[in-house]
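> Okay, structure incoming, though there's no sequence with it:
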């Protein structure tokens, strides 16, 4: 018997792998190549919601995509593009409900469902309109911050374990 795709396990495993790698996609460095993926958008410009945001951030981070838009294969073709040969899609989920008559009571019941489908980032697709592609990564730069002795003294007095780094990222 062939293995079936477990959507819940896929989502959970993706999040855990990102945490274990120490580079969760939702943690944005201040500047540089890992500038963070933009909020993911459907091909029509509508924002994704729920777990799809996290799943697409993880995919974009893992593959270095900077474009916000995601397309099904068919949507890419309808927009005049072509998914490049060998590109791998990312999984998103559709949550919905449907009505079914209860066999015992005859009453209509609303039942939830989850359906997985596959999308490609605009950067995996050739010949789309230019506005669908991401902007180039900015180089890492010094933001010019300087220590403030009064603030250093205040935080030292709190007893908090304060760690610093030369990396230009948020903690």
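Done, it's in. Everything numeric in this text was worked out from a predicted model, so none of it was measured.
> Low-confidence bits of the protein, can you list those?
1-3, 22-37, 137-138, 140-143, 167-171 (pLDDT under 70).
> biggest helix in it by residues?
Counting residues, the longest helix found in the chain (DSSP state H) is helix 7-21.
> for the residue nearest to residue 89 when sequence neighbours are not counted, what are its contacts?
With Cβ to Cβ, 6 or more residues apart in numbering as the criterion, residue 89 has its nearest non-adjacent residue at 3.6 Å, and that residue is residue 118. Every C-beta, even on glycine, is put in place using the N, C-alpha and C of the backbone. By Cβ atoms under 8 Å, 6 or more residues apart in numbering, the contact set of residue 118 is 72, 73, 89, 90, 91, 92.
> before we move on, back to that, so what secondary structure elements neighbour the longest helix of the chain?
helix 51-63, strand 90-101, strand 108-121 (3 or more Cβ pairs under 8 Å, 6 or more residues apart in numbering; DSSP states H and E).
> what separates the helix or strand following that helix from the chain centre, distance-wise?
Next in sequence after helix 7-21, counting helices and strands by DSSP states H and E, comes strand 41-42. Here strand 41-42 is found 11 Å from its chain centre; the criterion is Cα atoms, centre = their mean, to the nearest Å.
> With respect to burial, which of the helices and strands packed on helix 7-21 scores highest?
Highest mean neighbour count of those: helix 51-63, a mean of 20 (counted as mean count of other Cβ atoms under 10 Å).
> ok, residue 132 touching residue 69?
Yes - at 4.9 Å, residue 132 and residue 69 qualify as touching, with contact defined as Cβ atoms under 8 Å.
> what is in contact with these two at once?
Residues touching both residue 132 and residue 69 by Cβ under 8 Å, 6+ apart: residue 122.
> Between the two, tell me which one has more neighbours.
residue 69 (27 against 21; other Cβ atoms under 10 Å).
> check contacts around residue 4.
Applying Cβ under 8 Å, 6+ apart, no residues qualify as near residue 4.
> Shouldn't it be within a strand?
No - counting by DSSP: H, G, I helix; E, B strand; the rest coil, residue 4 is not found in a strand; it is coil.
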